[in-house]
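S.K.: the following comprises the amino acid sequence and a computationally predicted model.
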Amino acid sequence: MVDGAAQRTVADIMSSPVVSATRDEMLAEVAARMSKTGVGSVVITEDDRPVGIFTERDLVKVAASGVDPKTEAVSDWMTERPDTIPLDFEVTEAFKSLAERKYRHIPVVDEQGKLAGIVSMRDLMKIAQIRPVEGPAGEVPKGLEGVVVAETSIGDVRGMEGFFHYRQYDAVELAEKCSLEEVWYLVHEKQLPTRQQLSDFSKKVAGLRDITPKTKEALPLIAAASGTSHLLDGLRTAYSLMAAELGYKAWLDTSIDELREQAIRTCAVFPTILVNLYRLGKGMEYIEPRSDLSVAANYLYMLSGSEPDPEAARAIEQYMILTVDHGFNASTFTARVVTSTGADLGSAVVAAICALSGPLHGGAPSRALDMLDAIGKPENAEKWLRDAVSSGKRLMGFGHRVYKTDDPRSVTLRAIAEKLGGSNVEFAKAVEKKAVEILQELKPGRKLYTNVEFYAGVVMDRVGVPREMFTPTFAASRVIGWTAHVIEQAMDNRLIRPAAHYMGPEPPEPVPALDER
Ligand SMILES: CC(C)(COP(=O)(O)OP(=O)(O)OC[C@H]1O[C@@H](n2cnc3c(N)ncnc32)[C@H](O)[C@@H]1OP(=O)(O)O)[C@@H](O)C(=O)NCCC(=O)NCCS
């Protein structure tokens with residue numbers, strides 16, 4: 001820290017006058033004021049004294065809750081009785097105070113306790129030269145919820161509306177009207193294919209389903225090590241090997257055309273790797289993919305060894321279409337972070353597989369079905385679900401970071417499940433109804449509904465996809481989205497390198513000798 005910083009007081013650097021509001025003002029007015037004045041927080045005052053603070057972080061919470069900002073008073077959402085600092089506080093002390101209390105903004109008061117100004121972490125960092133000027137930019141909610149980190153033309157999710165799209169098309173409509181190959185083409189080539197383009201593309205991708213020789217040779221070993229209950233572990237190993245075998249180089253050292261070819265090949269081979277890891281793990285024979293079948297039909301063919309019923313193939317195809325892409329989910333973001341370093345496509349895809357493997361992301365469909373099994377029959381649902389939520393457990397297949405209403409994928413998959421029939425569908429619907437009621441009662445205001453995973457399990461089970469293959473099937477379609485994002489990131493790249501807020505003991509402390517620790 002520079003000496004000058006220590007001698008300055010907050011009075012020298014604070015912003016004044018402060019953007020303020022009164023308790024009874026509506027959120028919409030306050031938000032408009034924040035936006036107009038470009039500030040990250042508003043101080044709520046009474047008799048010129050600060051009685052609350054409302055920040056960008058609170059705004060994100062308001063947006064996620066779905067309340068009408070025109071009818072909600074700011075007093076219901078602000079932090080009451082904010083900490084304050086006096087005018088004569090030294091800048092270094094103010095910095096410490098903000099860091100310790102994890103604040104981004106702190107009001108400054110005069111001797112009478114009246115609001116005199118406000119200082120932000122950012123102001124302090126700039127003045128004290130604690131960090132470069134382009135240090136952390138404003139409020140960053142935990143989990144980066146609602147934070148925009150990139151521009152994309154691949155697709156988006158509108159959580160409050162329950163709508164998501166690929167390019168300019170409604171993803172649910174695409175699932176109703178198109179094949180997976182058409183949607184794959186759309187996501188990678190930015191437009192829907194013509195009949196000829198679709199035929200050429202389908203032939204091309206069907207011809208790229210084979211695993212490379214050395215990886216194929218290693219597959220039994222990988223399958224023996226990963227077992228069928230951890231197929232994504234097997235996938236990341238096998239695919240990583242194949243990317244090495246194919247000599248995928250850092251994309252910075254290759255052309256975008258080459259990157260596109262690698263992307264297509266990666267998507268084409270994923271189902272072959274996954275199904276064969278499963279088969280070998282179960283002691284079955286390796287099966288060669290068939291190039292005369294669609295992606296979805298070939299997938300079910302490889303699993304069972306016989307040509308699937310068209311209705312089953314279409315159901316799995318629709319599931320796959322619905323899970324191709326979904327905004328900046330954790331695995332997609334991971335793929336983009338790795339790509340931003342200039343690394344090869346194989347590395348970005350392996351990293352994405354790792355992110356997907358977590359139960360909070362892709363690992364839930366089999367858990368949702370396990371939950372149905374554990375409940376057993378509709379009469380048990382009430383008690384089972386109530387006990388689970390009351391004891392702090394999460395109901396698998398419920399809740400979503402972005403959707404605060406019905407997940408459109410869940411709605412579509414429920415309809416697909418109804419069409420396919422089977423004993424589990426009515427039971428699943430009864431459990432869903434009960435779970436939503438209980439979540440509303442025990443977690444009021446959180447807006448928890450089924451997510452994609454709940455009916456995905458029911459659909460996949462019905463068409464004969466074994467439980468161990470649920471998350472792998474998700475990976476087999478999501479890889480299309482990941483690789484599209486890799487290409488998009490590469491075409492307009494800047495290293496993704498954010499900053500963290502250090503919260504540990506104040507450095508620098510002298511390093512103690514070994515026997516003094
Ligand atoms: C998907 C998920 C990770 C989103 O998490 P998130 O956006 O970080 O949501 P939060 O963890 O902030 O949860 C908000 C609140 O809702 C509750 N909640 C969220 N999902 C819940 C669930 N499935 N069951 C019970 N409560 C849930 C949380 O306990 C929290 O309550 P609190 O405010 O009392 O602490 C989360 O909903 C979840 O764990 N779901 C179950 C796993 C799942 O289905 N994964 C597949 C995702 S497609």
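M.R.: Sure, I can see it.
S.K.: wait, Thr37 touches Pro17, no?
M.R.: No: using C-beta atoms under 8 Å, Thr37 makes no contact with Pro17, being 10.4 Å away. Placement of C-beta: from N, CA and C, glycine included.
S.K.: now Tyr403. Nearest residue, chain neighbours left out?
M.R.: Nearest residue to Tyr403, sequence neighbours excluded (C-beta to C-beta, 6 or more residues apart in numbering): Gly159, at 4.9 Å.
S.K.: got the contact list for that neighbour?
M.R.: The neighbours of Gly159, taking C-beta atoms under 8 Å, 6 or more residues apart in numbering as the test, are 64, 400-405.
S.K.: and the pLDDT at the nearest residue to Val389 once chain neighbours are set aside?
M.R.: Spatial nearest neighbour of Val389, excluding adjacent residues (C-beta to C-beta, 6+ apart): Leu442 at 4.8 Å. You'll see Leu442 listed with a pLDDT of 95.
S.K.: can you verify Gly146 is assigned to a helix?
M.R.: No: the assignment for Gly146 is coil, going by DSSP: H, G, I helix; E, B strand; the rest coil, so no helix is present there.
S.K.: mind checking pLDDT for it?
M.R.: Listed pLDDT for Gly146 reads 79.
S.K.: hmm, who's touching stretch 163-182?
M.R.: Residues outside stretch 163-182 that contact it (C-beta under 8 Å, 6+ apart): 153-158, 183, 186-187, 190-193, 198, 201-202, 205, 294-296, 317-318, 320-322, 324-327, 408-409, 411-412, 477.
S.K.: next, the closest residue to Asp492 other than its chain neighbours: secondary structure please.
M.R.: Closest residue in space to Asp492, ignoring its immediate chain neighbours: Glu151 at 7.8 Å, by C-beta to C-beta, 6+ apart. At Glu151, secondary structure determined by three-state DSSP is coil.
S.K.: and for Glu151, the neighbour number?
M.R.: Other residues near Glu151 come to 7 when the count uses other C-beta atoms under 10 Å.
S.K.: was I right about Ala348 contacting Val486?
M.R.: Yes: applying C-beta under 8 Å, one finds Ala348 in contact with Val486, separated by 4.9 Å.
S.K.: any common contacting residues for those two?
M.R.: 335-336, 339.
S.K.: the residue nearest to Asp492 and Ala484, how far apart?
M.R.: From Glu151 across to Ala484, the span is 14 Å (C-beta to C-beta, to the nearest Å).
S.K.: so what touches the helix or strand where Lys433 lies?
M.R.: Using DSSP states H and E, the element containing Lys433 is helix 423-442. For helix 423-442, the surrounding residues in contact (C-beta under 8 Å, 6+ apart) are 371-372, 375, 377-378, 381-382, 385-386, 389-390, 395, 398, 414, 417-418, 446, 448-450, 454-455, 458, 461-462.
S.K.: mind checking which of those land in helices?
M.R.: 371-372, 375, 378, 381-382, 385-386, 389-390, 414, 417-418, 454-455, 458, 461-462 (DSSP state H).
S.K.: filter the residues you listed down to the buried ones, PyMOL style.
M.R.: This is the PyMOL syntax for the buried subset of the ones in helices among the contacts of helix 423-442, where burial follows 16 or more other C-beta atoms under 10 Å:
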select buried, resi 371+372+375+381+385+386+389+414+417+454+455+458+461+462
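S.K.: just the ones in helices among the contacts of helix 423-442 that are near the ligand?
M.R.: Restricting these to those near the ligand by C-beta under 6 Å from any ligand atom leaves Val389.
S.K.: any idea of the mean pLDDT for stretch 225-243?
M.R.: Mean pLDDT, stretch 225-243: 96.
S.K.: and that stretch, how far from the chain's centre?
M.R.: 22 Å (C-alpha atoms, centre = their mean, to the nearest Å).
S.K.: any buried residues in it, and which?
M.R.: Neighbour-count burial for stretch 225-243 flags 226, 228, 231-243 (criterion: 16+ other C-beta under 10 Å).
S.K.: now what about that stretch, what contacts it?
M.R.: Contacts for stretch 225-243 (C-beta under 8 Å, 6+ apart): 211-212, 214-215, 218-219, 222-223, 262, 266, 269-270, 273-274, 277-278, 281-282, 344-347, 349-350, 353-354, 356-357, 362, 466, 468-469, 471-472, 475.
S.K.: out of the residues you listed, which are buried?
M.R.: Buried members of these, counted by 16+ other C-beta under 10 Å: 211, 215, 218-219, 222-223, 262, 266, 269-270, 273-274, 277-278, 281, 344-347, 349-350, 353, 356-357, 362, 466, 468-469, 471-472, 475.
S.K.: dump the residue contacts of Ala343.
M.R.: Residues in contact with Ala343 (C-beta under 8 Å, 6+ apart) are 250-251.
S.K.: switch to 10 Å and redo it
M.R.: Neighbouring residues of Ala343 by C-beta atoms under 10 Å, 6 or more residues apart in numbering: 248-252, 337, 350-351, 486.
S.K.: likewise Val62?
M.R.: Val62 makes contact with 27-28, 30-31, 54, 68-69, 72, 74, 76-77 under the criterion C-beta under 10 Å, 6+ apart.
S.K.: I'd assumed it was in a helix, is it?
M.R.: Yes: the assignment for Val62, made by three-state DSSP, places it in a helix.
S.K.: who touches Thr341 in this structure?
M.R.: Going by C-beta under 10 Å, 6+ apart, Thr341 touches 250-252, 347-348, 493, 495-497.
S.K.: any weak-confidence spans in the stretch 301-450 of the chain?
M.R.: Along the stretch 301-450 of the chain, the parts satisfying pLDDT under 70 run over 363-364.
S.K.: by proximity to the ligand, which residue of the stretch 101-250 of the chain wins?
M.R.: Among the residues of the stretch 101-250 of the chain, Gly143 lies closest to the ligand, at 5.6 Å counting by C-beta to the nearest ligand atom.
S.K.: skipping adjacent residues, who's closest to that residue in space?
M.R.: Distance criterion C-beta to C-beta, 6+ apart; nearest residue to Gly143, sequence neighbours excluded, is Arg401 at 7.4 Å.
S.K.: thought that neighbour was touching Pro141?
M.R.: No: contact between Arg401 and Pro141 fails when scored by C-beta atoms under 10 Å: they sit 11.1 Å apart.
S.K.: so what does Val51 look like in phi/psi?
M.R.: Backbone torsions of Val51, given as degrees, to the nearest 10, read phi -120, psi -10.
S.K.: and the residue in the chain that the ligand sits nearest to, how far is that from Ile438?
M.R.: With C-beta to the nearest ligand atom, the shortest gap between the chain and the ligand falls at Gly399, namely 2.3 Å. Separation of Gly399 from Ile438 (C-beta to C-beta) stands at 13 Å.
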